[in-house]
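Q: fold the following for me, if possible:
(chains A and B)
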There are 2 protein chains.
Amino acid sequence: MPYLCLLQEGNESLPRLMDKAQQNGYAVIAAPINTTEIPLEYEEAPICDKQAEFTYPDLIFPSDHWNGKVINVLSDTMDCDARDMVVRRNAEEVLKRDISWAEHLQYGGYTMLRLKSGNNLNMARIASSNVKGLLLAQVPLYNAKVAHSTWRRDINDAELERLEQEDTWHWWNNFRWAADFNPKIKVVLELCESDRPSLEVVRRWLGEPVEAVIVPSTMFICNRQNYPVLPKAWQEILSYFMRARVNIIISSDVHDNSLKLYSEYMLRFQEIHADVHELQSFEDVLEEPLQPLYDNLDCYTYEVFEKDPAKYKLYQDAIEQALLDRVPDAEKKQKLTVIMVLGAGRGPLVRSALNAAENTGRKVRVYIIEKNPNAIRTLTAIAKKLWNNKDVHIFSKDMREFSPPEPADILVSELLGSFGDNELSPECLDCAQKILKSDGISIPCKSTSYINPIMSSKLLNGVRQVLRHETFGRQKQATYHTHAESGFVVLLKNIYNIGLPQPLFEFVHPNPQKPIDNSRYKVLRFEVIMDCVLTGIAGYFDTVLYKDIKLSINPETHTPGMFSWFPMYFPFSEPMDVKKDQTIEIHFWRCVTKQKIWYEWCLASPFHTHIHNHGGRSCPIYCT
Amino acid sequence: MPYLCLLQEGNESLPRLMDKAQQNGYAVIAAPINTTEIPLEYEEAPICDKQAEFTYPDLIFPSDHWNGKVINVLSDTMDCDARDMVVRRNAEEVLKRDISWAEHLQYGGYTMLRLKSGNNLNMARIASSNVKGLLLAQVPLYNAKVAHSTWRRDINDAELERLEQEDTWHWWNNFRWAADFNPKIKVVLELCESDRPSLEVVRRWLGEPVEAVIVPSTMFICNRQNYPVLPKAWQEILSYFMRARVNIIISSDVHDNSLKLYSEYMLRFQEIHADVHELQSFEDVLEEPLQPLYDNLDCYTYEVFEKDPAKYKLYQDAIEQALLDRVPDAEKKQKLTVIMVLGAGRGPLVRSALNAAENTGRKVRVYIIEKNPNAIRTLTAIAKKLWNNKDVHIFSKDMREFSPPEPADILVSELLGSFGDNELSPECLDCAQKILKSDGISIPCKSTSYINPIMSSKLLNGVRQVLRHETFGRQKQATYHTHAESGFVVLLKNIYNIGLPQPLFEFVHPNPQKPIDNSRYKVLRFEVIMDCVLTGIAGYFDTVLYKDIKLSINPETHTPGMFSWFPMYFPFSEPMDVKKDQTIEIHFWRCVTKQKIWYEWCLASPFHTHIHNHGGRSCPIYCT
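A: Numbers count the residues shown, from 1 in each chain, chains lettered A, B, ... in the order given. Reported below is the predicted structural model:
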């Protein structure tokens, strides 16, 4: 649950501010680290020396308060990036002194620093050199100048471009590049009534590590019941941040009497717009893709997938439709349809097939083919208990080596991974189609992968972390990855879509091609709408089960409620600044040998990169 | 809280065993993974085929039961290390099949495997190749043969030595060496009424990763009230394991009716002997030693240390005693004692000094010297509020550069680290003694470090983990450690003391030596009492504050209640088997340059090792 914080300057006592905040529903306070100066040099500091009169010592709070309930706001009156050396040196001293005091108070708390322009590299260098807790960089959500210029006709394109470089996102971008995307540095966005940005600007911020938004109390207007509320247009913007679980800081005057009304409003607003779901803990967590052909899935994995509320219903619909199309009503008593479930796991597709037969009144014989002997055990037990009056046959076999007593009318399989073909469904189904009648069909009959370039500071750091820890799932698969060249499965959340997903590779089943070639190569181009940082490529797929019955994890057409697949993420080894109107040209390969399949990817525009995962060195998919 | 588990063989239904266990107070069950065979090869397995009749499929429990509430006991009728190749191959197949099924049921649960002799390397190879959850190696606590031989007079030394090699600890030791001390492999010790070991054997087990002890229900005897209890001698042994937070498995017959009585008894026993304290979460956790001379301590660290209930009281006692000795009652109105608190932090020693003056009625002037400007802030605030009528003077200075207006009678400091001199108290106090009167004293006046060789599988893995993650505290101190050559601070728990601690280096204050040389070199020898594995060296210290007032973290003389210092651990880069009656010869150095101080250590007997931390490459202690 995000926190609500009260930011006030000019309080005489932090403990009193804390009391006031807590009485009014704020869990956290933000306040200047010191309202009076800390002397830079100490010599003997006798008790009654006026120069050494401090506003507060550390003892006013126990250390858990300093670490969880106080955001220390550093002084912002000085300019560490001033041209004048004396001014600059003095500013550096004040910043170092403030940081030293903040580090003294906190071992893992929050320190906030205001950026006042994009000219902040020296400040970034000093502030990021030793971050113990979280360093929050405070910037306006949007720059007034840029905001206003979009309404003006007297500005030419060159001038507009120059102004856009002044956008506050660039202030942040300069700062965090200098700090090498340090995951302990997050951004705090200050809203301003007069500077309302487009929703695209808001979406771009959602690819950044946004810790909180600052809502000035002056933004509240009174509704008809005379309660303070936010203007509609700002509500929409704020709702984006609420879905991203961003915290809220209310900044107000010391004498403000409506603190409780703001907090009640914001808590209600948070509640309404919160994105609460069961899989929250998976968001932006990088996982190594499953390799069900190489590894046998375990009981837990089967159990999770079997709980998908949408997938097996759609499979059942598809089989029903196919049975109705292939067996006219008149023949339904005689004509037997042979359904082969390839890779049956613990049997959810068998259930779909048997339900479809029952619902349509068609006669079916179901061959169940499964290579995992542990799953066979479950299937046998289920068959004994539930399917003992059905025409059901279990085979403990790899489908690629299976010779059935008769050919199939319908092949049913769910061999698709997050990127469609990445669990080798083309290779498996191509092998299996020899057991299909000439007029037989495959469910699914087509799968398509999609990609788009994205910005995500969180995933960038996730990949760096994985590389650092070198813990790649199970020990036997541990490999030393010299480059960030592995594809990951990840529930994408904290990202900005630089372009919309475009179709990449397509596979159809049965495959009429002779000889079959499942290698692929495609070049896709994406226009950059706003300056941003390219960190990697998101991957999705959709599949046609039968006619118009489809499954999709492409965000534009996502099957409602289906959770069996999270998207893919293919990182670039380094983040790259890309500019508005530039074209991102991605080259993507699917490479095939007898032993393994793998993807390779690179960028050809606006920059060149090396080919990632070249020769499958980082993430091969094994065929046996 | 440790769990209580019920182990029964021959149950027809696992869910019924689970019900029975839970009704009788057992949270976990252990049972053979399968009471009937799983066929090794599956072809078509038609529903009514008798050969394929399984006892249970995975569906009898949800996966969280398989992962947290069931210990799967693998078949132990086969010998993977048999000389006969056919027998061996067959055993390998059965073991692989069992493990495959266990892995199917669990993604992070418990699998248990019985060791039947020390001849188990092939089994270790197979079983440890891919451990997803915990692999528990079940061995008898002690070998009957060895147990009995100690009572026999007809056995000569050579024979006894041979027999001792048969001790069950060697079965485990062979197994885990083959598995390279894999932290996912733990040992389960089966008690047996007739084979009661010495307490030294028990203590050795406490250096191993003991997951549980198996108590056969036949070990219970009836007390006068006719309740089942354990014999006194076994209670003592079991109490060791309870303090080590080992889990308990009661093994019993299917028809046993006293299950509830056992569980009640064991839970009560656990409660009585549990080692519950506030610092539990620090046990066996490796921490980088503080470097207060290089880094300024933060508010949290000060707060923790100030809470020590014993330390400052003993300092106060020492100062009181010194004041009484130095100022006769007759002179107490006139004679002023100048006390200098060196490295005052936030002032706990100042409080001790002022209390001592008050209690003895002696006149004192206190100079407070502290180099951390953040702590000065706190001191100034305290001085203003609490010490404004005292003769107290604060100096924001490094004690090594401090020139006071007058010399001191008593220097008071707490610059000692876990290893005594490792926070450079000798260097600091040697510099400061120039401000001491010729008859002045230092509290403390002496410190001594101690070491002893230890066995700890947990710390061995802890060091390996640290090396893997390369996360050494704060970023600025990050170094790539090619060898396991860093000293750590760690609350030792899961260890076996191979020998008792012996004094290593001694420092006295004031130091009469001219010129002063704080480098040291000493060789210490320890006799090995039982075969075991040497993993590293534990370090402690004690200090004389004044006369007989001491602080100690040496386990033999530990100051009651004091928690300010955890022991040190100096690892060897590889574990080493050492044998009874061998001599462990440790060479230990304290090396000194102007910029840094460091320790080096190596073994000269029974093996040679390279010199660890040579030149201070892994853990230097900086002087500035």
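Q: so which elements touch the longest helix seen in chain A?
A: Ranked by residue count, the top helix of chain A under DSSP state H comes out as helix A:85-105. Packing partners of helix A:85-105 (3 or more C-beta pairs under 8 Å, 6 or more residues apart in numbering or on different chains; DSSP states H and E): strand A:70-73, helix A:121-127, helix B:373-386. All C-beta atoms are positioned from the backbone trio N, CA, C, and that covers glycine.
Q: next structured bit after the helix or strand hosting A:Lys260?
A: Element membership for A:Lys260, per DSSP states H and E: helix A:259-273. Once helix A:259-273 ends, the next helix or strand along the chain (criterion: DSSP H and E) is helix A:299-306.
Q: quick one: contacts for A:Ser100?
A: For A:Ser100, the contact set (C-beta atoms under 8 Å, 6 or more residues apart in numbering or on different chains) comprises B:296, B:373-374.
Q: and the stretch 151-300 of chain A, which of its residues are near chain B?
A: Within the stretch 151-300 of chain A, the residues that sit near chain B (C-beta under 8 Å from any C-beta of the partner chain) are A:296, A:298-300.
Q: could you dump the residues you listed to TSV with neighbour count and pLDDT?
A: Shown next, in TSV, are these (neighbours: other C-beta atoms under 10 Å in any protein chain shown; pLDDT from 0 to 100):
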residue	neighbour count	pLDDT
A:Asn296	16	87
A:Asp298	23	89
A:Cys299	25	89
A:Tyr300	20	89
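Q: show me where pLDDT drops low in the stretch 451-600 of chain A?
A: Within the stretch 451-600 of chain A, the segments meeting pLDDT under 70 span A:468-484.
Q: what segments of it are helices?
A: Here the stretch 451-600 of chain A has its helices, by DSSP state H, counting those that start in this stretch, at A:457-469.
Q: so where do the strands sit in it?
A: A:488-489, A:496-497, A:502-508, A:520-527, A:532-546, A:549-552, A:568-578, A:583-592, A:596-605 (DSSP state E, counting those that start in this stretch).
Q: wait, which of the ones you listed is closest to B:Ile214?
A: strand A:488-489 (40.7 Å; C-beta to C-beta).
Q: show me the contact partners of that closest one.
A: Contacts for strand A:488-489 (C-beta under 8 Å, 6+ apart): A:286-290, A:418, A:462-463, A:466, A:566-571.
Q: list buried residues within those.
A: By neighbour count, with 16 or more other C-beta atoms under 10 Å in any protein chain shown, those hold A:286, A:288-290, A:418, A:462-463, A:466, A:566-571 as buried.
Q: tabulate these (CSV), appending distance to A:Asn182.
A: Shown next, in CSV, are the buried ones among the contacts of strand A:488-489 (distance: C-beta to C-beta, whole Å):
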residue, distance to A:Asn182
A:Leu286, 18
A:Glu288, 25
A:Pro289, 28
A:Leu290, 32
A:Ser418, 29
A:Gly462, 14
A:Val463, 15
A:Val466, 17
A:Phe566, 27
A:Pro567, 26
A:Met568, 26
A:Tyr569, 21
A:Phe570, 23
A:Pro571, 18
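Q: was I right to think A:Gly361 contacts A:Lys332?
A: Yes - if you go by C-beta atoms under 8 Å, A:Gly361 and A:Lys332 touch, sitting 5.5 Å apart.
Q: excluding chain neighbours, what is closest to the residue nearest in space to the middle of chain A?
A: Among the residues of chain A, the one closest to the centroid is A:Leu492, at 2.4 Å (C-alpha atoms, centre = their mean). For A:Leu492, ignoring the flanking residues on the chain, the nearest one in space by C-beta to C-beta, 6 or more residues apart in numbering or on different chains is A:Pro567 at 5.1 Å.
Q: how about the one you found, phi and psi?
A: Main-chain torsions, A:Pro567, degrees, to the nearest 10: phi -60, psi 170.
Q: doesn't A:Arg80 fall inside a helix?
A: Wrong residue type there; residue A:80 is Cys, not Arg. No - remark: A:Cys80 does not belong to a helix; assigned using DSSP: H, G, I helix; E, B strand; the rest coil, it is coil.
Q: what ranges of the stretch 1-150 of chain A fall below the confidence cut-off?
A: Looking at the stretch 1-150 of chain A by pLDDT under 70, you get A:35-56, A:147-150.
Q: in the sheet, who's paired with A:Ala538?
A: For A:Ala538, the beta-bridge partners are A:Asn452, A:Tyr569 (DSSP bridges).
Q: next, count neighbours for the residue nearest to A:Ile60 when sequence neighbours are not counted.
A: Nearest residue to A:Ile60, sequence neighbours excluded (C-beta to C-beta, 6+ apart): A:Pro15, at 5.4 Å. For A:Pro15, the neighbour count with other C-beta atoms under 10 Å in any protein chain shown is 13.
Q: got the CA positions of the helix or strand where A:Pro15 lies in PDB?
A: Here A:Pro15 sits within helix A:14-23, counting by DSSP H and E. The C-alpha trace of helix A:14-23 is given here as PDB (Å, rounded to 0.1, in the frame of the first residue of the first chain):
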ATOM      1  CA  LEU A  14       9.800  18.000  13.700                       C
ATOM      2  CA  PRO A  15       8.200  16.000  16.500                       C
ATOM      3  CA  ARG A  16       5.200  18.400  16.400                       C
ATOM      4  CA  LEU A  17       5.000  18.100  12.600                       C
ATOM      5  CA  MET A  18       5.100  14.300  13.000                       C
ATOM      6  CA  ASP A  19       2.200  14.500  15.500                       C
ATOM      7  CA  LYS A  20       0.200  16.800  13.300                       C
ATOM      8  CA  ALA A  21       0.800  14.500  10.300                       C
ATOM      9  CA  GLN A  22      -0.200  11.400  12.100                       C
ATOM     10  CA  GLN A  23      -3.300  12.900  13.600                       C
END
